[in-house]
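Asks: Fold the following, please.
(5 chains, ligands or ions: 4)
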Amino acid sequence: MSDSVQAKQTKSVAFRGGGFSPIHIKWVGLSVFVTLILVLEAGTRSGFISNLTMPRPSDVGWTFVELWTSGLLWKHVLPSVSRLLVGATLGASLGIGVGILIGLFSYIRAGLVPLISAIFPVPKIALLPLFVIWFGIDETSKYALIAFGTFTPTVVSTFGAVDNVDRSLIRMGQSFSLSWFSIVTKIVLPGAMPGILSGLRVSLAIAIILLVAAEMLGAEYGIGAYILQAGSLYDLERLFAGVVILSVMGVTVSAVIGFFEKRLLGWRS
Amino acid sequence: MSDSVQAKQTKSVAFRGGGFSPIHIKWVGLSVFVTLILVLEAGTRSGFISNLTMPRPSDVGWTFVELWTSGLLWKHVLPSVSRLLVGATLGASLGIGVGILIGLFSYIRAGLVPLISAIFPVPKIALLPLFVIWFGIDETSKYALIAFGTFTPTVVSTFGAVDNVDRSLIRMGQSFSLSWFSIVTKIVLPGAMPGILSGLRVSLAIAIILLVAAEMLGAEYGIGAYILQAGSLYDLERLFAGVVILSVMGVTVSAVIGFFEKRLLGWRS
Amino acid sequence: MDLRLENIGHSYGDMEVMQGMDLEIPAGKIVCIVGPSGCGKSTLLRLIGGLEQPTTGRVLQIGEPPVESLNPLTFVFQDFALLPWRTVEGNISLVLEDHGIRGKQADAIISGVLARTKLTEFRKALPKQLSGGMKQRVAISRALAVNPAVMLMDEPLSALDSQTRELLMDDLVSLWTREPFTAVYVTHNLHEAVRLGHFIVVLSRRPGRIREVVAVDKPLAERELGDVDLEQTQKYLWNLMREEALAADKELINV
Amino acid sequence: MDLRLENIGHSYGDMEVMQGMDLEIPAGKIVCIVGPSGCGKSTLLRLIGGLEQPTTGRVLQIGEPPVESLNPLTFVFQDFALLPWRTVEGNISLVLEDHGIRGKQADAIISGVLARTKLTEFRKALPKQLSGGMKQRVAISRALAVNPAVMLMDEPLSALDSQTRELLMDDLVSLWTREPFTAVYVTHNLHEAVRLGHFIVVLSRRPGRIREVVAVDKPLAERELGDVDLEQTQKYLWNLMREEALAADKELINV
Amino acid sequence: KTKIKVGALRFTSHAASFVAFERGYFDDAGLEVEFVFFDAAQPMAIAVASGDVDYAVTAISGGLISLAEKGAAKVVGGALSEEKGIDGQKILVSDAAFKSGVTDPSKLDGRSFAITQAGSSFHYMGAKIAAKEGITLKFVPLQKTGAIIGAIKSGQVDAWSIVPHIAKPLAASGAVHIIGDVADYVDDYQVTTVFTSAGNAANEREQTQAFLTAFSRGAADFNAALVDKTAGDDGAEDMVKLVHKYVYADRPYEKAAPSIINGAMRINADAAMNVASIKDQLDWFKAEDLVKDTITYDTLVDGSYVKAK
Ligand SMILES: Nc1ncnc2c1ncn2[C@@H]1O[C@H](COP(=O)(O)OP(=O)(O)OP(=O)(O)O)[C@@H](O)[C@H]1O
Ligand SMILES: Nc1ncnc2c1ncn2[C@@H]1O[C@H](COP(=O)(O)OP(=O)(O)OP(=O)(O)O)[C@@H](O)[C@H]1O
Ligand SMILES: [Mg+2]
Ligand SMILES: [Mg+2]
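Replies: Numbers count the residues shown, from 1 in each chain, chains lettered A, B, ... in the order given. Ligands and ions are numbered 1, 2, ... in the order given. Okay, the predicted model is just below:
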């Protein structure tokens, strides 16, 4: 079938595929940070960027060193971390619980979903004066504020995750006459886990953001309190040092969730 | 094949399916609200709930009436809505733009994603003093704050949405030798639309929350300013009236997005 | 245990899906149900298995299921319905746990059914590591583990590629030959129907009714690819269904 | 325009997917490619269509494609790859727009191909309203709209139920009979291969090589369900592949 | 005419500017004034530094000193002062603390004292009280006055100091008790000062002088009407009406008037500064390590505009 081939035009087929799939590029992220810092350093040193606008990165660095050597770093970080832990654990576990109930029971869903969507856009800082009355100015109110802020987004993501559990798996459970409890614990919960964990990423970021609001209420130590004080003294070096610490906390939390996802969700293909 | 049947035990197959699919139940949501309000009213009237803890719902209602009749309602709502519109539009459109770029270009992704995840957990209120210096105390700084707060979550949800666009559709486009631009505008963008819209739900809720923070910066009128002022005078009736307005705004925004989803995403099955 | 369908009819809201079905499912036989898309095959199977309740008529169990049967009516689904977070073993023990079967006793059952489906080496594998054919064999093992009186199979092979399908049909035939089971087997593949069915029930399009019940007498073990008489039966069935299939493929779906 | 594969080999990372493939694809013929799962059939098709670049060897176009061909090498995918947000019409005009064909000219082309695939009434329907068979017919219309010199079809029927598959094979046969086109048709359904192929290329399991090329001489239009000689060819092919399929179905997937 | 922006809080203590505006004193000085309202002092200080506002009146806080250190703000005149004999800032205790025997500031030893933030004027006042009584106080930062009011009403903090127009209604409700005056603890306390950007202070001398002159005329009217009460009842009522346009504007006049009258404290004549008080405050901030100890009085204050007191 290829007799007359010699006479014809012959060329290779042109390539037209590829692309549109992100490839991992190392070091770019880091170098963006480094460049940014260097530009800021140069800008503030030359006076091109006024010291009112941005602190000098090296000064922020020195503030860290001071915080470290004076031992104040831990004095600020530890209370914040414990507030975060208690508050976020409370809010997230309550949120997961309520989210699952909403996912499972139509009446609870009908009653609570509108309430929760009404509560969602309420800024927690607006309620600060009330938190003082409701929960006092001790740790309780800080826990409560963080818990409250973590609660709503967790509920929303959890019941979404329960809704997304493959219904055919549930039917399978029923077809083997599994008990309601078995279906919930062995099918619904593990199936909702990926959605719950990825929802936690967002809720915990919000918890960190709320640390500052929480520490508005009578906190002497804590990263939020440190930032607030720096802000009120217009001490940009400390303000940025505090912000960097929050950033690091955020990245850490996200890494921890990533770790759990890897461990618990290895079954995902 | 059914000769010996008469002699045998005969019974119907038992039903064991159903459930686990939310059914819509009307009025429950509304009645939860009504009950809650009635309980609060009764509680505050009987003195069982101290007037320090909760305002009387009817007093909040009267505050509304006053706001309405004095014309102050619109004086507060309109500036807030316009701040929300400008700020959220800015932040969301920038966020969508950057998110798409991150979704399309690996270098941009490698450079910006770590930066954005570092910025995400930074509380915007911590940066308030800086916003004054950077953007002044006029509307600009309010727009900027809301835009900044809307930007990060929008970026994250947008590039997630772009990543989730069915790659086989893109390969199809390439197999018909469509241009890069056609593939982006006709396949990637419409395909990412559902994810972008559902991301906007969250970003816009955050924008509403940030209204209060934004109006900390030299705002005379605005719901946020109203709430702040009520809070600083510990005037619970007004505080709650303001909070209810924010809630209504949140529910409205979510309804508007729902409307767009219905109109733009009718193609989803 | 036999099953008998008496005047079964079913509607979803205003839409009538099936009408006046009467059918006997005798013990130890495989009854295949074929019919055009949307004619209610899956619905019928769910009605038989008690996952849904018929609008009219009833499904009767005639005689007691064997005492050793943990779950008399057991489904095998098209999409396998394996829990992706459990291993092969875990997916089988799932259906034993609720009957209080654990430890050694469960181990014995699991080893037994995995041996029957030739999966012994894959006991610890996760579903994501398995090919489609293996996944369906796991689902069949799981069904066998509860000693079903009747297996209800909803297009169990249609998610597989045709070569795997061919192999799995051989497996099902040898499973049945060694130890006959009762099955209702829904498919729209006539090739599968003539290969596996003792009776082939042909349904009309929606609302589904029984058009014809075709008996195939040749023993399962003797049926083979390319058998002329089976090909003839298949062709006969295809002619019965062709018009309906054509119509079904040309309907807009109301959304 | 013919195609010629010269010594094609391809690897993903360390994994060699295929090796030393030489093949001619003559104009106006349908070449079917069959082989066990994972042997590289889809990869081969992507290499031919220029969506991927071979690690070794090259794919040659021999002769110029007809001038009226807008997209000489055109794919038809297993999952249809229709844009769910565009109507039937919009999905077809998508591939014309980039060639500057709009308005009346596009209308004429669209009407033409929809008539050929009997979809004229569904011009304004959205994909979600269509049955699987109709979706694939839309995808075929879209391919026809660009006047392909060669159609590259990757298991175009395997997402459909067997009745629809049967009907669509008839459609393809009548399309080809009216106006012969060149096609490379990947499948693992031997029944499809013997029904549609002028040549059937059998691949070995991974790394894929060509085991045998079987020519089927009977004209397409005369082939029918239950043809004894076709059944014989199919049985012959099945015996060639059975071992490989068995092995392929028993491998753990590395994740 | 020169256009300037003046920052203000809606407090009676900012009345001098309102009077100067309403009675045309700014016009006389050749200034066209636009008010910019804030709900807290700190952003106002920053707004002056950023140039969004030209002049403002606020308490000396750590933030203001830091901005001065960065060369962005300068104090040019004095405003509100404490004066013995005239109603000034009050020391409050919660009902619970009062009942447990804290009836006098000297009994506050070991008790909690609410402040908005470290480095605020509340912090300074508390520290001065503690120093003079020789007691220790536990300072609780609560950011917002609303939070402080909630906390002291519910007895979660023991003490606070605040301007009289907030202190008196609170005491009247019975939830808190007034146990002393700040004036007894801080000598000639310069509560608030007039400040501007460093640029204005150095380069816009004429404009700054003009502002201070008009401001002083407003202050003089205010003092006469409500502090020294030499303008008669009508004069006082006119003044209250004028101030009511800006303060408690959303309350009816009858309700607002007592609050305005209660809030009246002396505004320094001719915007003179209590230099000793300012120095004392600066030293305290340095001692508490709230500001850099390299800051001198001259960095903070430009004394060339007004008389020292
Ligand atoms: N839960 C449900 N609610 C409403 N309609 C349903 C439901 N389940 C099925 N249907 C409809 O009932 C009809 C029969 O569905 P069924 O799944 O039983 O058909 P089938 O014969 O199994 O089709 P297929 O061959 O496509 O699997 C279809 O029109 C389907 O859309
Ligand atoms: N983009 C890719 N990256 C890495 N490996 C790939 C990629 N695409 C395919 N493979 C691997 O290459 C081998 C051949 O894949 P291919 O899809 O071509 O097989 P196939 O013959 O089409 O299989 P099937 O019958 O299942 O469709 C498989 O092992 C597959 O896992
Ligand atoms: Mg079905
Ligand atoms: Mg393939």
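Asks: State the number of residues packed around residue 207.
Replies: Picking chain A for this. 30 (other CB atoms under 10 Å in any protein chain shown). Bear in mind the C-beta positions are built from the backbone N, C-alpha and C, glycine included.
Asks: Switch to chain E, please.
Replies: 18.
Asks: For it, which non-adjacent residue is spatially closest?
Replies: residue E:2 (5.5 Å; CB to CB, 6 or more residues apart in numbering or on different chains).
Asks: Going along the chain, name the strands of the stretch 151-269 of chain A.
Replies: Counting by DSSP state E, counting those that start in this stretch, the stretch 151-269 of chain A has no strands at all.
Asks: Name all residues that make contact with whatever residue of it ends up closest to ligand 1.
Replies: The nearest approach of the stretch 151-269 of chain A to ligand 1 comes at residue A:167, 10.1 Å away (CB to the nearest ligand atom). Going by CB atoms under 8 Å, 6 or more residues apart in numbering or on different chains, residue A:167 touches B:20, B:21.
Asks: Same question for the one 4 residues further on.
Replies: Under the criterion of CB under 8 Å, 6+ apart, the contact partners of residue A:171 comprise B:17, C:51, C:77, C:81.
Asks: For it, give its distance to residue C:58.
Replies: Going from residue A:171 to residue C:58 by CB to CB, to the nearest Å gives 21 Å.
Asks: For chain D, give me its nearest residue in chain A.
Replies: Closest to chain D within chain A is residue A:17: 3.5 Å, counting by CB to the nearest CB.
Asks: For the closest residue to that residue other than its chain neighbours, give me phi and psi.
Replies: Among residues not flanking residue A:17 along the chain, residue D:51 sits closest, at 3.5 Å (CB to CB, 6+ apart). Per-residue torsions, residue D:51: phi -80, psi -10 (degrees, to the nearest 10).
Asks: Residues of chain C that sit close to ligand 1?
Replies: C:12, C:17, C:35, C:37, C:38, C:39, C:40, C:41, C:42, C:43, C:188, C:206 (CB under 6 Å from any ligand atom).
Asks: Now restrict those to buried residues only.
Replies: Buried members of those, counted by 16 or more other CB atoms under 10 Å in any protein chain shown: C:17, C:35, C:37, C:38, C:39, C:40, C:41, C:42, C:43, C:188, C:206.
Asks: Pull out whichever of those are also neighbours of chain D.
Replies: Contacts with chain D within those, counted by CB under 8 Å from any CB of the partner chain: C:37, C:188.
Asks: Columns distance to residue E:216 and pLDDT on top of the buried ones among the residues of chain C next to ligand 1, output as a markdown table?
Replies: A markdown table is the format used below for those (distance: CB to CB, whole Å; pLDDT from 0 to 100):
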| residue | distance to residue E:216 | pLDDT |
| --- | --- | --- |
| C:17 | 91 | 91 |
| C:35 | 98 | 90 |
| C:37 | 92 | 84 |
| C:38 | 90 | 84 |
| C:39 | 95 | 88 |
| C:40 | 93 | 90 |
| C:41 | 95 | 93 |
| C:42 | 90 | 93 |
| C:43 | 91 | 94 |
| C:188 | 97 | 87 |
| C:206 | 93 | 81 |
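Asks: For chain A, what's its nearest residue on the stretch 101-250 of chain C.
Replies: The minimum distance from the stretch 101-250 of chain C to chain A, using CB to the nearest CB, falls at residue C:128 (3.8 Å).
Asks: measure that residue to ligand 2 for me?
Replies: Note on residue C:128: its distance to ligand 2, by CB to the nearest ligand atom, to the nearest Å, is 13 Å.
Asks: Identify the residue nearest that residue in space, chain neighbours excluded?
Replies: residue A:269 is the one closest to residue C:128 (CB to CB, 6+ apart), at 3.8 Å.
Asks: number of nearby residues for that neighbour?
Replies: Using other CB under 10 Å, residue A:269 has 10 other residues around it.
Asks: Check it and give its pLDDT.
Replies: Looking at residue A:269, its pLDDT is 73.
Asks: Residue E:68 now?
Replies: The predicted structure lists residue E:68 with a pLDDT of 90.
Asks: does it sit in a helix or strand, and which one?
Replies: Assigned by DSSP states H and E, residue E:68 falls within helix E:62-69.
Asks: Nice, that's everything, thank you.
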